[in-house]
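>>> Following is a predicted model, sequence given first.
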Amino acid sequence: MAPIPIPAPSKKEPRVLFITPEVYPLCKTGGLGDVSAALPAALRALGLDVRLLIPGYPQVLAGLKPKRKVAEFENLEHFPPCVLRAAKLPVNDADSIPVFIIDCPELYSREGGPYQDTAGRDWPDNVLRFGLLGKIGAILGSDASPLKWQPHIVHCNDWQSGLTPAYLHFHPHQPPQRKAASVMTIHNLAFQGNFPPETVARLGLPARSFNMHGAEFHGQLSFLKAGLYYADHITTVSPNYAREIQSEPLGFGLQGLLSARRGQMTGIINGIDESVWNPATDPYIASHYARTDLSAKIANKRALQKTMALTQDDTAPLFAAISRITHQKGFDVLQQIAPQLVEIPAQLAILGSGNAEMEKHLTALARAYPGRIAVHIGYTEALSHLIEAGADCFLMPSRFEPCGLNQMYSQRYGTPPLVHATGGLVDTVVDCTPATLKNGSATGFVFHPMTAEQLLATIRRAAKLFEDTATWRMLQQNGMTKDFSWRNSAAAYRRIYRMLAGKTDYRTA
Ligand code: ADP
Ligand code: GLC
């Protein structure tokens, strides 16, 4: 297929600095990495000049070449010296996203993940690692920027970039001097970046920011609350989650602030990168297929069974999950009902990593049910694609889920999802009932409340329907027909940027 031509950025559209702690394929621990590549690409396809700002972890510096030095911050108060480099991140055949990298060896040059060391402990200097990300974001969005390129909007993602709106707020500003407007996107309210009070001075924030009307949260400095308080607009990654976080328990203590700011908060559902997640072209799967002809899907099931040492069996429904293994994702509940799932008879394949205790339990299950339950502990991009293609039904028993991407990937792969009714899962999966089957909207299975009984009952319901090959095929095709592209969501972000840019001192002429 010929690449779709990407328009040159339009001078009439707002320029956007997209600030993120991770981006696929350079550095990804979850959905934020996917979104940070796909959303900017979709915005660029709409003609917006979007550029990324990301910390220079070793995998980022190694993955992007060549890198030009575009600025130096030798005497930044409170932070070690660093260099700003520019490179391009290829995103598809037709385009690449300009990226600014903060090259600061003292903070970023080390083995391990972006937030934790190899043993899973938070980096002790995360306050500075992500304080610097917030600081540079604010500098690039203000008249203090050493760059010619000036954004109208700084778009922050999760707590790691939450200080940008705070630094910008306190940056002295005399029109006609310039200052970007800020958007704070919540991908997960459970991660807040809370640090002891003495870090306020250490980061060079004014003492008055440490206030309940500001960045203070239960006696700590909260990066996320700072972002939510000082940003011009808040977004989160699904309309349903935007409602849920305005009250207990999913507001995680921030429900008061969020409901007070609901007039400046928008829920925009994530899309998926259709070039990365496409069963007709996916390089990681055993056999390609499409909605019009699903016959090759079974070859992927066989390949998955072989790869994960499950018994070769076409008829047993194969349930699967790919996830961070945490309390949020409900793996403790899944593990409780796994023995009954096997008795259906069905198979279970799990790929994930996270909580060490939960990992141990899952591994023990796999040992207890060889050939029926397979667990792969680790993070493997290739296997995740084969699971999407090879499984029959995709499990997401999340206690909460701001958006969730895998349920959309799985629908695209003809693998109906089975999900708890929460967050973005409600916005993206339509439960299979006689009525939704009849009107062609059914795409999966939705259960509530989040209990072992309900999960098991719904797994049984899915396994029963799986025997009805014609209806199952309809369910698969309904999901494969849905539009999960970024087009509409990118346009919704553009509306917010345009509205905010109209209020800043920048001119978009
Ligand atoms: P979250 O961001 O909360 O982890 P999402 O559903 O939004 O959840 O996104 C998770 C992303 O990370 C998906 O692209 C998923 O395939 C991927 N992922 C999670 N765990 C693994 C793993 N162990 N191996 C490969 N990919 C994984
Ligand atoms: C978070 C959420 C997940 C969401 C992802 C991308 O990690 O847990 O639900 O899909 O961010 O927005």
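Sure thing, it's come through. Ligands and ions are numbered 1, 2, ... in the order given.
>>> Next one: the residue nearest to Leu132 when sequence neighbours are not counted from ligand 2, what distance?
The shortest distance from Leu132 to any non-neighbouring residue, by CB to CB, 6 or more residues apart in numbering, is to Phe79 (5.0 Å). No exception for glycine: its C-beta is placed from N, CA and C like everyone else's. Going from Phe79 to ligand 2 by CB to the nearest ligand atom, to the nearest Å gives 27 Å.
>>> can you pull the pLDDT of Phe79?
Listed pLDDT for Phe79 reads 96.
>>> Then His171?
If you check His171, the pLDDT there is 91.
>>> wait, what's in contact with the spatially closest residue to it that is not a sequence neighbour?
With sequence-adjacent residues excluded and distances taken as CB to CB, 6+ apart, His171 is closest to Ser142, at 5.0 Å. Contacts for Ser142 (CB atoms under 8 Å, 6 or more residues apart in numbering) come out as 168, 171, 173, 177-180.
>>> check contacts around the residue nearest to Leu132.
73, 104, 128, 131-132, 135.
>>> what about 10 Å?
Residues near Phe79 by CB atoms under 10 Å, 6 or more residues apart in numbering: 73, 102, 104, 106-107, 128-129, 131-132, 135-136, 202-204.
>>> Only the buried members of the residues you listed: can you turn that into a ChimeraX selection?
One line in ChimeraX is enough to select the buried ones among the contacts of Phe79; burial here means 16 or more other CB atoms under 10 Å:
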select :73,102,104,107,128,129,131,132,135,136,203
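>>> Can you tell me which of the contacts of Phe79 is nearest Thr281?
Comparing the contacts of Phe79 against Thr281 with CB to CB picks out Ile102 as the nearest, at 34.3 Å.
>>> any idea which element that closest one lies in?
For Ile102, the element it lies in under DSSP states H and E is strand 96-103.
>>> What is the burial count for Pro90?
For Pro90, the count of nearby residues is 12 (other CB atoms under 10 Å).
>>> Name the nearest residue to it, ignoring sequence neighbours.
Sequence neighbours aside, Ser96 is the residue nearest to Pro90 in space, at 4.5 Å (criterion: CB to CB, 6+ apart).
>>> separation between Gly113 and ligand 1?
According to CB to the nearest ligand atom, Gly113 stands 13 Å off from ligand 1.
>>> Check what pLDDT that residue gets.
If you check Gly113, the pLDDT there is 94.
>>> any idea how far it is from Tyr379?
According to CB to CB, to the nearest Å, Gly113 and Tyr379 sit 10 Å apart.
>>> Skipping adjacent residues, who's closest to Ala492 in space?
Distance criterion CB to CB, 6+ apart; nearest residue to Ala492, sequence neighbours excluded, is Ile268 at 4.6 Å.
>>> Which residues are in contact with the one you found?
By CB under 10 Å, 6+ apart, Ile268 lies in contact with 39, 185, 235-239, 242, 403, 488-493, 495-496.
>>> swap the cut-off to 8 Å and go again
So Ile268 contacts 235-239, 489, 492-493 (CB under 8 Å, 6+ apart).
>>> next one: Leu107
By CB under 8 Å, 6+ apart, the contact set of Leu107 is 55, 80, 82, 125, 128-129, 132.
>>> neighbours of the residue of the chain found nearest ligand 1, just the number please.
Relative to ligand 1, the nearest point of the chain is Gly31 (2.2 Å; CB to the nearest ligand atom). By other CB under 10 Å, 23 other residues sit near Gly31.
>>> just to revisit the earlier point, which among the contacts of Leu107 gets closest to Trp472?
Looking across the contacts of Leu107 and measuring by CB to CB, the closest to Trp472 is Pro55, at 45.2 Å.
>>> Inside helices: which ones of the contacts of Ser142?
Judged by DSSP state H, helices contain the following of the contacts of Ser142: Leu168.
>>> Please identify, among the contacts of Ser142, the one with the most neighbours.
Comparing the contacts of Ser142 by number of neighbours (other CB under 10 Å), Ala180 comes first, having 30 neighbours.
>>> What are the phi and psi values at the nearest residue to that one once chain neighbours are set aside?
Sequence neighbours aside, Gly141 is the residue nearest to Ala180 in space, at 3.4 Å (criterion: CB to CB, 6+ apart). Phi and psi for Gly141, reported as degrees, to the nearest 10, are phi -90, psi 10.
>>> Before I go, just wanted to say thanks for your time.
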